[in-house]
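Novice: this one's sequence-less:
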């Protein structure tokens, strides 16, 4: 191998070794590094190593030098992700139901490795496996890849969509016939990953869970102008489609006990204006869509929250309460 190429490989292996296996608590000594590089068939001695470390620092790698016994030790402490950042990312993966157990384990290994081998051991030893509701569709990564490609190329996609029966077996909708959709965006909501799509044939939108999609492929057919326009309105559409799904938006005033202030902020955002009422409770005007999602949310606080206007919504609230009581 030419001397020039050999030196390039040496520098690559050196920085790889330092980034993967060192930190402030675990430096590698000069002898350690020379031995490890020699095992890889790369010639290294103390004199050339000092020059190599100096060169790495000159180009911005920030290799730190410390004293380990009678030798110099080297480590890289400046990483793309800190331990708390990696912990947050790993917990997010672990909490996401749409990521299968197998893919969760693979992703955790990859994320932990970003902190180096020593930090990876620490991070993985402190993982709490709290999500036991993982989905089983291993094709979800391929679905994401195909849908991202379609979004980038502004092309339609074709796929099959299924539900699960009481035995966990796939039951394909439309008797297994394919769906054709115009991708607008991929959205994460309440542990699931969704495709927001538009259909120019029907003039409406639809959401599909990625873990329920099968055989996803991009087709050579451009999406409509309406689908492209919707991409700039994804945030507004997501708010309507997922937080309070269905129906026309309406402004309502709710009254609730002070201990529910967190629930109101969680549902409607921390910018919600909340005021004290004359009876010692709190009130807020919020914009919702009257749907099963909304009614399910408010009925969980029965006796602690109520609607105080408008009258039409109050009447619907009472009617639904009667139906529940009769059941």
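Specialist: Good, I have the coordinates. The model shown is predicted, which means the values in this text are computed figures rather than measured ones. Numbers count the residues shown, from 1 in each chain.
Novice: in the helix or strand containing residue 325, what's buried?
Specialist: Assigned by DSSP states H and E, residue 325 falls within helix 311-326. Residues of helix 311-326 classed as buried by neighbour count (16 or more other Cβ atoms under 10 Å): 313, 317. The way it works is simple: take the backbone N, C-alpha and C, and place the C-beta from them, glycine included.
Novice: run the chain-centre distance for it.
Specialist: 37 Å (Cα atoms, centre = their mean, to the nearest Å).
Novice: need the helices for this protein, in chain order.
Specialist: 3-21, 30-39, 46-58, 83-95, 101-113, 117-125, 140-153, 225-230, 234-238, 261-268, 292-299, 311-326 (DSSP state H).
Novice: which residues touch the second one?
Specialist: In other words, helix 30-39. 10, 13-14, 17, 28, 43-46, 49, 71-74 (Cβ atoms under 8 Å, 6 or more residues apart in numbering).
Novice: got a ChimeraX select line for the buried ones in those?
Specialist: Applied in ChimeraX, the following selects the buried portion of the contacts of helix 30-39 according to 16+ other Cβ under 10 Å:
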select :10,13,14,17,28,44,49,72,73,74
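Novice: going by distance to residue 252, which of the contacts of helix 30-39 wins?
Specialist: residue 17 (61.6 Å; Cβ to Cβ).
Novice: quick check, the closest one in contact with residue 28.
Specialist: Yes: applying Cβ atoms under 8 Å, one finds residue 17 in contact with residue 28, separated by 7.1 Å.
Novice: make JSON lines from the helices of the chain and add mean pLDDT and distance to residue 253 to it.
Specialist: Shown next, in JSON lines, are those (pLDDT from 0 to 100; distance: least, Cβ to Cβ, whole Å):
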{"stretch": "helix 3-21", "mean pLDDT": "75", "distance to residue 253": "57"}
{"stretch": "helix 30-39", "mean pLDDT": "89", "distance to residue 253": "69"}
{"stretch": "helix 46-58", "mean pLDDT": "86", "distance to residue 253": "63"}
{"stretch": "helix 83-95", "mean pLDDT": "77", "distance to residue 253": "34"}
{"stretch": "helix 101-113", "mean pLDDT": "81", "distance to residue 253": "43"}
{"stretch": "helix 117-125", "mean pLDDT": "61", "distance to residue 253": "47"}
{"stretch": "helix 140-153", "mean pLDDT": "90", "distance to residue 253": "40"}
{"stretch": "helix 225-230", "mean pLDDT": "89", "distance to residue 253": "31"}
{"stretch": "helix 234-238", "mean pLDDT": "70", "distance to residue 253": "22"}
{"stretch": "helix 261-268", "mean pLDDT": "87", "distance to residue 253": "12"}
{"stretch": "helix 292-299", "mean pLDDT": "86", "distance to residue 253": "12"}
{"stretch": "helix 311-326", "mean pLDDT": "90", "distance to residue 253": "9"}
